[in-house]
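Visitor: From the sequence below, what's the structure:
(4 chains)
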Number of protein chains: 2
Amino acid sequence: MVKGVLMEGFTDTEQKIINAATAVFLEKGLDGARMQEIADQAGINKALLHYYFRSKDKLFRTVFQNEIKNLLRTILDSAQSSQNFEQFLQSFITTYMKAIAPRTNLMRFAIWEFGKDNYSIVDTFLQTFREYGYPTNPLVETTQKAIDEGQIRSLDPAHFTLSLLGVCIFPFMIKPFIEKLIPGVNMSDEHFIEQRAKEIYAMIWNGLKPPDQKTG
Amino acid sequence: MVKGVLMEGFTDTEQKIINAATAVFLEKGLDGARMQEIADQAGINKALLHYYFRSKDKLFRTVFQNEIKNLLRTILDSAQSSQNFEQFLQSFITTYMKAIAPRTNLMRFAIWEFGKDNYSIVDTFLQTFREYGYPTNPLVETTQKAIDEGQIRSLDPAHFTLSLLGVCIFPFMIKPFIEKLIPGVNMSDEHFIEQRAKEIYAMIWNGLKPPDQKTG
DNA sequence: GTCTATACATCGATAGAC
DNA sequence: GTCTATCGATGTATAGAC
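Guide: Down below sits the predicted model:
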């Protein structure tokens, strides 16, 4: 969870509960989380959890939607207006990784919960996109526009979006694995992110240049 | 789970249990899985589960290690010997996606379980790598060798490996999300994999060419 | 609103017959 | 080896006092 994110429409006690629930749910998952642990961490008792949020499931959904929206808003808010696609790509990679780096548990968690069909997470995404004026995924639309304008070669915007998200997100999802395998690495470190951003950009951009710009 | 994978050293009943346990664990996770459901799916009763595998946790570890090893062996077995890195890359992408496509639940599952520190999954990986004669990650080593031989430009092999794995794995981890968002897509379809493999290769390779080979 | 005490269900694990 | 029956622990949720 990212500390210091204020939420509107919640009382003081509700806020304490949500903070505690977020920490516990993201670490243990829906099934692994215990209401007692959430109560303890919030400094209250179990009964109060049910008083404010009818059930464990209701509390879970509130927490999850909140975190997803916070993440998307963080990314969309810091999306600087760029003059061209190359500039956009460069800043997007850094922005995106800086947003997910402190949220590795949310990433793991979201991937896991995506597999279930209990409720619609897709709607949470689309709704937040619409808040920012995008009818669907902003990355797909931005990429398509760049193709139409001849800024990049013709390719499938959906596949490119998946690839871009993959290189940015994937390493952080297996963060504990990487840091255990390579003892020296600290993925939360700003330096790691900056260096990785450069590597990603270098790998991707040359594959995007239109033929007449291929200079090496 | 991939059907039809035979395992050595297991009796008939053990095999039935493992098959059932694999299906349930991969879908529900360790915490969400129920011994009763595993027993039902195996066509036996709960007591027998504990007779063969002392505890839920023991059964879980057996299943998980089995699946990881099956996956790694599938990939490493079908790694064709290639004349150069470009050829290797091209076949690797297809091979890798074909191996993980029927294992989307294992991917989700592994990512989730990686976050816990209860037991060492890292060892399972390293051990399987060693079986095939690689002291550490085969991709990192293959990439480093290609750099040393001047087949590709100088880059960080670790970052490149993370990126390559990311573009291959990530889309399949959010498969339900993608197929819900884009109604027409079926990611299990061979055609989708082939098309995506081409897109990934096209994106990556041009960023890897040494300067003197950059023709477009 | 906040607490203690408890109801009620379910789970993992075991005992013991066959 | 395989079954039925059950124990003991723990979980979510609620009742009721303050």
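Visitor: so where do the helices sit in chain A?
Guide: In chain A, the helices defined using DSSP state H lie at A:12-32, A:35-42, A:46-52, A:56-77, A:85-100, A:104-114, A:121-131, A:138-148, A:157-173, A:175-181, A:190-205.
Visitor: By mean pLDDT, show me the worst of those.
Guide: Comparing these by mean pLDDT, the weakest confidence falls on helix A:175-181, with a mean of 86.
Visitor: tell me which parts of chain A are close to DNA strand D?
Guide: In this structure, chain A approaches DNA strand D at residues A:33, A:34, A:35, A:36, A:46, A:47, A:50, A:54, A:55, A:56, A:57, judged by Cβ under 7 Å from any atom of the strand. All C-beta atoms are positioned from the backbone trio N, CA, C, and that covers glycine.
Visitor: Just the buried residues from these, in ChimeraX please.
Guide: Here is the ChimeraX selection string for the buried members of those, based on 16 or more other Cβ atoms under 10 Å in any protein chain shown:
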select /A:33,35,56
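Visitor: Kindly indicate which of the residues of chain A next to DNA strand D lies nearest DNA strand C.
Guide: The shortest approach to DNA strand C among these belongs to residue A:47, at 3.2 Å (Cβ to the nearest atom of the strand).
Visitor: roughly how far apart are residue A:159 and chain B?
Guide: Distance check for residue A:159 against chain B: by Cβ to the nearest Cβ, to the nearest Å, it reads 4 Å.
Visitor: got a list of what the residue lying closest to that residue once chain neighbours are set aside touches?
Guide: Counting by Cβ to Cβ, 6 or more residues apart in numbering or on different chains, the nearest residue to residue A:159 once its immediate chain neighbours are dropped is residue B:199, at 4.1 Å. For residue B:199, the contacting residues are A:155, A:156, A:159, A:160, A:163, by Cβ atoms under 8 Å, 6 or more residues apart in numbering or on different chains.
Visitor: so which of the residues you listed comes closest to DNA strand C?
Guide: Distances from DNA strand C to those, taken as Cβ to the nearest atom of the strand, are shortest for residue A:163 (38.4 Å).
Visitor: shouldn't the closest one be in contact with residue B:201?
Guide: No - between residue A:163 and residue B:201 there is no contact, the gap being 10.9 Å when judged by Cβ atoms under 8 Å.
Visitor: The two: who's more crowded?
Guide: Applying other Cβ atoms under 10 Å in any protein chain shown to residue A:163 and residue B:201 shows that residue A:163 carries more neighbours, namely 25 against 18.
Visitor: I'd like to know how far the closest residue to the more buried one other than its chain neighbours sits from DNA strand C.
Guide: By the measure of Cβ to Cβ, 6+ apart, the closest residue to residue A:163 outside its immediate chain neighbours is residue B:167, 4.4 Å from it. With the distance defined as Cβ to the nearest atom of the strand, to the nearest Å, residue B:167 ends up 36 Å from DNA strand C.
Visitor: Now do residue B:167 against residue A:90, distance only.
Guide: When Cβ to Cβ, to the nearest Å is applied, the distance between residue B:167 and residue A:90 equals 18 Å.
Visitor: So for those two, which residue has more residues nearby?
Guide: residue B:167 (27 against 17).
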